[in-house]
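Visitor: I would like to see how this sequence folds:
(chains A and B)
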Number of protein chains: 2
Amino acid sequence: MRPRVNAVKIALLQINPVVGDLAGNARLIAEAACEAGRKGAALAVTPELALVGYLPRDLLLSSAFVADSWTAAAALARDLSGQLPVLVGLPEPNPSNEGRPLFNTAVVLHEGRTGERFRKTLLPTYDVFDEDRYFEPHHGAQILELGGRRLGISICEDVWNDRDFWKRRRYHIDPIEDLIRSRADAIVNLSASPFSVGKHRRREEMLGSMARKHHVPVLYVNQFGGDDDLVFDGRSLGFDATGATIARGRAFGPDVLLVDLDRAEAVPADSAAGAAESEVWHALVLGTRDYVRKCGFTDAVVGLSGGIDSALTAAIAAEAIGADHVLGVMMPSPYSSQGSVDDARDLAGALGIRTLTLPIEPAMIAMEQTLKSSFEGLPRDVTEENIQARIRGNLLMALSNKHGALLLTTGNKSELSVGYCTLYGDMSGGLAVIADVPKTMVYRIARWLNDTRGQSIIPEATLTKAPSAELRPNQTDQDSLPPYDILDDILQRHIEQHQHAEEIIAAGFDPDTVRRVLRLVRLAEFKRKQAAPGLKVTDRAFGTGWRMPIAAKF
Amino acid sequence: MRPRVNAVKIALLQINPVVGDLAGNARLIAEAACEAGRKGAALAVTPELALVGYLPRDLLLSSAFVADSWTAAAALARDLSGQLPVLVGLPEPNPSNEGRPLFNTAVVLHEGRTGERFRKTLLPTYDVFDEDRYFEPHHGAQILELGGRRLGISICEDVWNDRDFWKRRRYHIDPIEDLIRSRADAIVNLSASPFSVGKHRRREEMLGSMARKHHVPVLYVNQFGGDDDLVFDGRSLGFDATGATIARGRAFGPDVLLVDLDRAEAVPADSAAGAAESEVWHALVLGTRDYVRKCGFTDAVVGLSGGIDSALTAAIAAEAIGADHVLGVMMPSPYSSQGSVDDARDLAGALGIRTLTLPIEPAMIAMEQTLKSSFEGLPRDVTEENIQARIRGNLLMALSNKHGALLLTTGNKSELSVGYCTLYGDMSGGLAVIADVPKTMVYRIARWLNDTRGQSIIPEATLTKAPSAELRPNQTDQDSLPPYDILDDILQRHIEQHQHAEEIIAAGFDPDTVRRVLRLVRLAEFKRKQAAPGLKVTDRAFGTGWRMPIAAKF
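Guide: Prediction:
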């Protein structure tokens, strides 16, 4: 029997690092650590790789960058001397001339120096993760002694391989079992776990069951904020040895979360974590704000068609960076209905954003004249529609260039899936805000927004009219596509669940529709290859988690 | 002592599979195997994953696709019954509920059935490779018995970890040492090794030294052909037990290469593998041909500016798919010099490609009028230049759409590195032919081409005039950029050798120039994120081997 020890409080520093910004991230850590010290914490813990920001991607291949992060860690240790010990995540060179070049490490900063190191064992290499590209796995339990306690240190994926929780395990070892065998009193996990709808519940359930199974408290710290296509939702967690949740950090915001290892009082279930609509809204607002800010912009441009996609995108932008920093641009053509122009104007009024109207007919005429003799005798087709979309793209990019404002793309996941969008046209922009939101979910979020605000932010007409690209007379999306509820169901099965045609047909869908949709998905790969980064909110987004061949046949 | 055995010939099937085309690839294998049988081979060996085509990327995450490949293997085995045994590469489901979902496997097809299986041990996860994303490593030596011989079977990366050849080893084990310990008489390697300049020499040297060191013949079979951004150069190889090269397959073309395990006669050094200029030319021609063909196109469109980049791109296209399948489009603006128009016309004449002239002034005027009031009081800047480039992009895409021809992008690596190009403008297109070729190398290849052909394919004026985007009066590239020989040297150090500012400055470059270039590289990340796939010819191309954050600060 080990002797009883005094109560120990550990602070989880839920911060929002910027990838590569060593000085800025060190400052964030220092401020949060000082707050933790004032609150009586005996140890503060950052998220995974917090000093360099998760995920740094191929910056890790620069040995100068990795060396700079250790210089920054040493400086941070000096800044924090006299403070509590802080466990900070950063990449560490692998001293061996065998194996991958780095370890994914956490280092204790204390008494002005960098001290003990703890390394990650399980390296996620699936979906958006590429950790085997950079890191060598560590083997063996790593314990941090603190006030008579034995804290078992783990990093992110290390807690995601419990044999009792998962039907299929990706790895052959469970670092947590090793920690328990090495008599850890508690499990600490430095994490950077990206948001997707519903994942925070799975996470809390998994970590709670781990605490219960091993009869130890579990402490989990996650970063928050947007990083290119990924959004991190924070929601750091503490569990007691019965698996009850005893601390829960803010969703989508900063927190310094204190966890008392001896506290028995459970916190109530997470009532703020509501419906999918609310979750996605908050993720997209944070992701948009951080992309704009971290790219050095203050203002954004959005093309407003009067349709639901651009309406929701503009609403997210206004919430993210302030209505007075958003410019809505209406670009009517001869095929635009008066209703669409009115709807766009109503939306802009409800949001309080500035607008600009740039009719595209003069440019359409000039393009048509220029191409007239080359197109002689050939029927009108999708070419003429694309020309319009690309004139709009050119105008929006001109405004973006001239005013130094980021162009936000408005396409949804359904149309990006089947290629119902124009490359260099409506796909133009620096960030695709709702590119991972299926069309049916776009409607649900718009209705949720109106309900929540108690007013029609998104105009009723936008919500009820038939969706249309308005690129030729009387066009509607359903001329070319199956109804969106059926389309989205097929797409979800195919994209997120990896189902192939036969499996989807077996679930009761029309075989011709399924084959046609899957064929469209395949043919649109060349468009997605050149798409703007889109904020990930589902289990599988187009982007770094979707790596498909283009010149292929299957 | 084992008894002496009769001479055994093994055929290396150097084929060009299409990713995902199971039926087509099976046909390629069957034809090549039958040819091998007629030539007296006792065994035929395909490249790595040949039945599904390398690299299938996330197609591997579809269990239906993997199952289909085994159905295709079984059918191929039946087709080949009565023929020699054939060792065929394909993905294999991992039957365990632990570990990654697949093995990277080779299976023997013989007597109408799928037989013995051999699995890959070392899984490359760097540069363009993501094999840890899909595959579980195998452990243990795998021997195929054939006519009294013990053939040690290895797959691609398995031969790339020799402790005596590499200063730094990425893996802790050497599967070849295991095979030798298991008394392998020869090493067979199924490979898919992408082209980069000079790599084939390194490959031959490494494999020869392996044969010499272990005193066994080594047989290496590589695929050829283009696969999205990658080009495979073939050049399968056979070595005797002294390390002498005794067989060498065609470069950039098909081959059925017979290797007699007892033949002592070395083949002469590879005289056809000439200068870098010739190597890159052949790689780009093959890569362009296969991208066009494998995407289902027959024709291509190229914008011709009169400059060197579009000239070389058009020459490659004409060589790849035939001059009568290439349309060159001239789009002069008021800033275009008469010389440029003449140069473009001369080039088209020399290549024998059709041309079309579409002046962009009318569209420029329409765009300017449309934006006039929004731009009131603001100075002209890069915005107006981008508008021109995007009008050209719109016209080229319209021709591409209307005629069903693939638009080829003409930008080089130097400008893509520093962002000296317009997103949705000159970056428009389905394939970026010379995106991995530095500007200085573009000139060298153009001169080499003229020398080789004994005539000025690329007009002399194009080769000698100062490079210019001609987007404003009297503009030249060197107004904005350092001289290309200095720029390319800095870029090569930074991109391919991962050198940071201080290291490059230490090599003698002007500090301000180095810092400015590296800053431009960083700022152009958002453009590269949306760039067309570019054919890889250097050790590190932008594309799947370059994974950089955008919203970052470093």
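
Visitor: Please count neighbours and contacts with C-alpha atoms only from this point.
Guide: OK.

Visitor: Near chain B, which residues of the stretch 251-400 of chain A are found?
Guide: With C-alpha under 8 Å from any C-alpha of the partner chain as the criterion, the stretch 251-400 of chain A meets chain B at residues A:291, A:294-295, A:358-360, A:362-363, A:366-367, A:370-371, A:375, A:381-384, A:386-387, A:390-391, A:394-395, A:398.

Visitor: Drop anything exposed from these.
Guide: By neighbour count, with 16 or more other C-alpha atoms under 10 Å in any protein chain shown, these hold A:291, A:294-295, A:358-360, A:362-363, A:366-367, A:370-371, A:375, A:383-384, A:386-387, A:390-391, A:394-395, A:398 as buried.

Visitor: Pull the residues that contact the lowest-mean-pLDDT helix or strand in chain A.
Guide: Least confident helix or strand, chain A: helix A:477-480 with a mean of 86, by mean pLDDT, DSSP states H and E. Helix A:477-480 has contacts (C-alpha atoms under 8 Å, 6 or more residues apart in numbering or on different chains) with A:466-469.

Visitor: Check what pLDDT whichever residue of the stretch 151-300 of chain A sits closest to chain B gets.
Guide: Closest residue of the stretch 151-300 of chain A to chain B, C-alpha to the nearest C-alpha: residue A:170 (4.2 Å). Per-residue pLDDT puts residue A:170 at 95.

Visitor: OK, contacts around it?
Guide: Here residue A:170 is in contact with A:161, B:98-100 (C-alpha under 8 Å, 6+ apart).

Visitor: Next, work out how far apart it and residue A:157 are.
Guide: 10 Å (C-alpha to C-alpha, to the nearest Å).

Visitor: ok, how many other residues are close to residue A:110?
Guide: Using other C-alpha atoms under 10 Å in any protein chain shown, residue A:110 has 21 neighbouring residues.

Visitor: List the contacts of it.
Guide: Residue A:110 touches A:77, A:80-86, counting by C-alpha under 8 Å, 6+ apart.

Visitor: and what of residue A:501?
Guide: With C-alpha under 8 Å, 6+ apart, residue A:501 has these contacts: A:511, A:514-515, A:518.

Visitor: again with residue A:262
Guide: A:7-8, A:240.

Visitor: Please report the distance of it from residue A:177.
Guide: From residue A:262 to residue A:177 the distance is 22 Å (C-alpha to C-alpha).

Visitor: Low-confidence stretches in chain A?
Guide: A:1-6, A:264, A:271-273 (pLDDT under 70).

Visitor: Keeping just the C-alphas, turn stretch A:300-318 into PDB.
Guide: The C-alpha trace of stretch A:300-318 is given here as PDB (Å, rounded to 0.1, in the frame of the first residue of the first chain):
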ATOM      1  CA  ALA A 300     -14.700  38.600 -46.100                       C
ATOM      2  CA  VAL A 301     -16.600  38.700 -49.400                       C
ATOM      3  CA  VAL A 302     -19.600  36.400 -50.100                       C
ATOM      4  CA  GLY A 303     -21.500  36.100 -53.300                       C
ATOM      5  CA  LEU A 304     -25.300  36.200 -52.600                       C
ATOM      6  CA  SER A 305     -27.500  34.400 -55.000                       C
ATOM      7  CA  GLY A 306     -30.700  34.500 -53.000                       C
ATOM      8  CA  GLY A 307     -30.400  30.800 -52.400                       C
ATOM      9  CA  ILE A 308     -30.000  28.900 -49.100                       C
ATOM     10  CA  ASP A 309     -26.300  28.100 -49.400                       C
ATOM     11  CA  SER A 310     -25.000  31.700 -49.800                       C
ATOM     12  CA  ALA A 311     -27.600  32.800 -47.100                       C
ATOM     13  CA  LEU A 312     -26.200  30.400 -44.500                       C
ATOM     14  CA  THR A 313     -22.600  31.200 -45.400                       C
ATOM     15  CA  ALA A 314     -23.200  34.900 -45.100                       C
ATOM     16  CA  ALA A 315     -24.900  34.300 -41.700                       C
ATOM     17  CA  ILE A 316     -22.000  32.300 -40.500                       C
ATOM     18  CA  ALA A 317     -19.500  34.900 -41.700                       C
ATOM     19  CA  ALA A 318     -21.400  37.700 -40.000                       C
END
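
Visitor: Now do it: distance to the chain's middle.
Guide: 20 Å (C-alpha atoms, centre = their mean, to the nearest Å).

Visitor: before we move on, back to that, mind giving me the packing neighbours of the following helix or strand past the least confident helix or strand of chain A?
Guide: Following helix A:477-480 in sequence order, the next helix or strand is helix A:484-491 (DSSP states H and E). Using 3 or more C-alpha pairs under 8 Å, 6 or more residues apart in numbering or on different chains; DSSP states H and E, the elements in contact with helix A:484-491 are helix A:413-418, helix A:439-453, helix A:511-523.
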